[in-house]
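# structure, please.
(chains A and B)
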Amino acid sequence: MVRLERIGKTFANGTVALDGLDMALRPGEFVSLLGPSGCGKSTALRLLAGLSEPSTGTVRWSGAPARLGFVFQEPTLMPWRTVLGNVRLPLQLIRAPGADPAARAAIARVGLAGFERSYPRQLSGGMKMRVSIARALATAPDLLLLDEPFAALDEITRLRLNDDLLALWAAARLTIAFVTHSVFESVYLSTRILVMTGRPGRIAADIPIDAPHPRDEAFRTSPAYNAHCRQVSAALKAAMA
Amino acid sequence: MKLLPPALVGIFLLAAWETLVRAADLPPYLLPGPIAIAHALIADWTSLSASLLVTLRVTFLALAAAIIGGGGLAILFAQSRWIERSLFPYAVILQVTPIVAISPLILIYVRDTTLALLICAWIVAFFPVLSNTTIGLRSADHGLVDLMRLYGAGRWQTLWRLRLPAAMPYFLAGLRIAGGLSLIGAVVAEFTAGTATAGSGLAYRILESGYRLDIPRMYAALALLSLTGILIYAALGLVSWLLLRHWHESALPTDR
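Numbering: from 1, shown residues only, chains lettered A, B, ... in the order given. Just a heads-up that it's a prediction; the model follows:
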């Protein structure tokens, strides 16, 4: 679907965030970018989204660039718009016809039907993140990019949202690139994990997680899950050394 | 309930004032009591209310010009750092030069007195709108700026859908300051224009009463000015609350 080739990214202040990063996303994959904070995972995601240009190397799309959805670390909602208004925003920006029903459908898909007229301040952290996901889904993207979306949420909410994200991924045949620093989260969600080294960032290990989907609580407590976690942890430790 | 404590303080102060005047038997040309001032206000209501309308007209025109001028300049500044760097110092110069010092010049150059007063009041009032709105337009959430870029929003869409709403609380705070300042600017300019002009705003009434040693009337005009200032502030506060009540922390009830 998309391939990052020999990517280097140096910021204006001289920080080398990425150097020689190679990675590819295939349609239908759920790929996690895992690494220590400051390793350039978010930078790689921003390059994919076109929010930032690589200093060297190329971002190569097979065919036309995919329609994108982006979920930020924070819910990043407009406080002056209602839930419906926030989800409708991308549709308004790309001037899509039928913005209203599409936005309502996206809200229903994340389980927030009935909250259309609420303002973000009236919602809990987990619900705000759901609105953010609904907004990213509203334009029916092919590729969904998530930048540590659940890092600020409590454990219970995070597990629930992990399951919901997997359901959305399966139902919509999305391709997902998911940035996280949690080994457990990445193993539970992904079909493939890219472990990154820090400063400058590049891919240190490419680990497929071949457990079948749908995954649930049984998988989370299984020996296979445990083994994967141990393997990924070891790769992460090696990458950070 | 919120109005009770300040109202009690006000009543107490007025009562103390009246008592002092009566106890010391002060003549009204030195210090009139509140009751004498109220009498003057009622007796001279015809001329005072006419003057109030004159001052209010200049005040509101100046405030409208401050909103258009300050807001418009802020939007221009938000387009490029270079425009802001080139022009902002001159806005500061206009702001820091005392209006009493330039109003005589403006009154010489501008024939139409109302227009001259308007310019003076505008110079005082536009800066808080300008500086607040400029900061507001810059303080849009960076994540939301990224989001706008992700969906290919242009400069004007970003301005309209993101920067202007994000700047609204800042703009409204600036507007509340500008409301009081445009009244002050109008009155200061009227003072400079003085008796030489046909303009007969409240400042002119204060000067006139001073020449005639009609001190209760002077206080009555002064009280009218203060009340007007308070009402403008309260009205703009209400506008601010109406616009922000759904989403901005400043307009939300504090107890949850």
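# in the stretch 101-250 of chain B, where is pLDDT below threshold?
When residues are selected by pLDDT under 70, those of the stretch 101-250 of chain B lie in B:195-199.
# try 80 this time
Along the stretch 101-250 of chain B, segments meeting pLDDT under 80 span B:194-199.
# chain A too?
Screening chain A residue by residue with the criterion pLDDT under 80, one finds the ranges A:38, A:65, A:198-199, A:241.
# quick check, central residue of it?
Centroid-nearest residue in chain A: A:Leu146, 2.0 Å away (criterion: C-alpha atoms, centre = their mean).
# residue contacts, that one?
By C-beta atoms under 8 Å, 6 or more residues apart in numbering or on different chains, the contact list for A:Leu146 reads A:Phe70, A:Val71, A:Leu165, A:Ile176, A:Ala177, A:Phe178, A:Val179. Just so you know, the C-beta spots here come from the backbone N, C-alpha and C atoms, and that holds for glycine as well.
# and after the helix or strand harbouring it, which helix or strand comes next?
Element membership for A:Leu146 (DSSP states H and E) is strand A:143-147. On the C-terminal side of strand A:143-147, the nearest following helix or strand under DSSP H and E is helix A:155-172.
# quick check: buried residues in that following helix?
By 16 or more other C-beta atoms under 10 Å in any protein chain shown, the buried positions in helix A:155-172 come out as A:Thr157, A:Arg158, A:Leu159, A:Leu161, A:Asn162, A:Asp163, A:Asp164, A:Leu165, A:Leu166, A:Leu168, A:Trp169.
# angle of it against strand A:143-147?
Orientation of helix A:155-172 against strand A:143-147 (axes from the mean of the first three to the mean of the last three C-alpha atoms, to 10 degrees) gives an angle of 170 degrees.
# and helix A:155-172, what does it pack onto?
Using 3 or more C-beta pairs under 8 Å, 6 or more residues apart in numbering or on different chains; DSSP states H and E, the elements in contact with helix A:155-172 are helix A:125-137, helix A:183-189.
# ok, now with 10 Å
Here helix A:155-172 touches strand A:30-34, helix A:99-109, helix A:125-137, strand A:143-147, strand A:175-180, helix A:183-189, helix A:217-220, going by 3 or more C-beta pairs under 10 Å, 6 or more residues apart in numbering or on different chains; DSSP states H and E.
# nearest to A:Gly85, of the ones you listed?
Closest approach to A:Gly85 among these is made by helix A:99-109 (8.5 Å; C-beta to C-beta).
# CA atoms only: put the closest one into PDB for me.
Backbone C-alpha positions of helix A:99-109 (Å, rounded to 0.1, in the frame of the first residue of the first chain) are rendered in PDB as follows:
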ATOM      1  CA  ALA A  99     -22.000  14.900   5.600                       C
ATOM      2  CA  ASP A 100     -24.700  14.700   8.300                       C
ATOM      3  CA  PRO A 101     -25.800  11.000   7.900                       C
ATOM      4  CA  ALA A 102     -22.200   9.900   7.400                       C
ATOM      5  CA  ALA A 103     -21.100  11.700  10.600                       C
ATOM      6  CA  ARG A 104     -24.100  10.100  12.500                       C
ATOM      7  CA  ALA A 105     -23.200   6.700  11.200                       C
ATOM      8  CA  ALA A 106     -19.500   7.100  12.300                       C
ATOM      9  CA  ILE A 107     -20.700   8.200  15.800                       C
ATOM     10  CA  ALA A 108     -22.900   5.100  16.000                       C
ATOM     11  CA  ARG A 109     -20.000   2.900  15.000                       C
END
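# which residues touch it?
Applying C-beta atoms under 10 Å, 6 or more residues apart in numbering or on different chains, the external contacts of helix A:99-109 come out as A:69, A:83-93, A:96, A:98, A:112-116, A:130-131, A:133-140, A:164, A:167-168, A:171-172.
# can I get the buried residues of helix A:155-172 in CSV including distance to B:Leu61?
Putting the buried residues of helix A:155-172 into CSV (distance: C-beta to C-beta, whole Å) gives the following:
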residue, distance to B:Leu61
A:Thr157, 54
A:Arg158, 57
A:Leu159, 61
A:Leu161, 55
A:Asn162, 60
A:Asp163, 61
A:Asp164, 57
A:Leu165, 57
A:Leu166, 62
A:Leu168, 56
A:Trp169, 60
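# could you report the neighbour count for B:Leu76?
13 (other C-beta atoms under 10 Å in any protein chain shown).
# grab the nearest non-local neighbour of it.
Leaving aside its sequence neighbours, B:Leu76 sits nearest to B:Ile83 (C-beta to C-beta, 6 or more residues apart in numbering or on different chains; 5.8 Å).
# mind checking the SS state of that neighbour?
Recorded secondary structure, B:Ile83: helix (DSSP: H, G, I helix; E, B strand; the rest coil).
# re earlier: now which of the contacts of helix A:99-109 would you call buried?
The neighbour count (16+ other C-beta under 10 Å) marks A:69, A:83-93, A:112, A:115-116, A:130-131, A:133-139, A:164, A:168 as buried among these.
# from the rest of the structure, what touches stretch B:156-164?
Surrounding stretch B:156-164, the residues in contact under the criterion C-beta under 10 Å, 6+ apart are A:78, A:80-81, A:89, A:92-93, B:71, B:74-75, B:78-79, B:133, B:136-141, B:144-145, B:147-149, B:151, B:153-155, B:167, B:171.
# from those residues, which ones fall inside helices?
Secondary structure assignment by DSSP state H places A:89, A:92-93, B:71, B:74-75, B:78-79, B:133, B:136-138, B:144-145, B:147-149, B:155, B:167, B:171 of the contacts of stretch B:156-164 in helices.
# now do the contacts for residue 91.
You didn't pick a chain, so chain A it is. Remark: with contacts taken as C-beta under 10 Å, 6+ apart, A:Leu91 is in contact with A:97-103, A:106, A:135, A:138-140, B:151.
# oops, I was thinking of chain B
Applying C-beta under 10 Å, 6+ apart to B:Ala91 gives the contacts B:Gly69, B:Gly70, B:Leu73, B:Ala74, B:Phe77, B:Glu84, B:Phe126, B:Phe127, B:Leu130, B:Ser131, B:Thr134.
# going by distance to chain A, which of the residues you listed wins?
For chain A, the nearest member of the contacts of B:Ala91 is B:Ala74. The distance, counting by C-beta to the nearest C-beta, is 18.4 Å.
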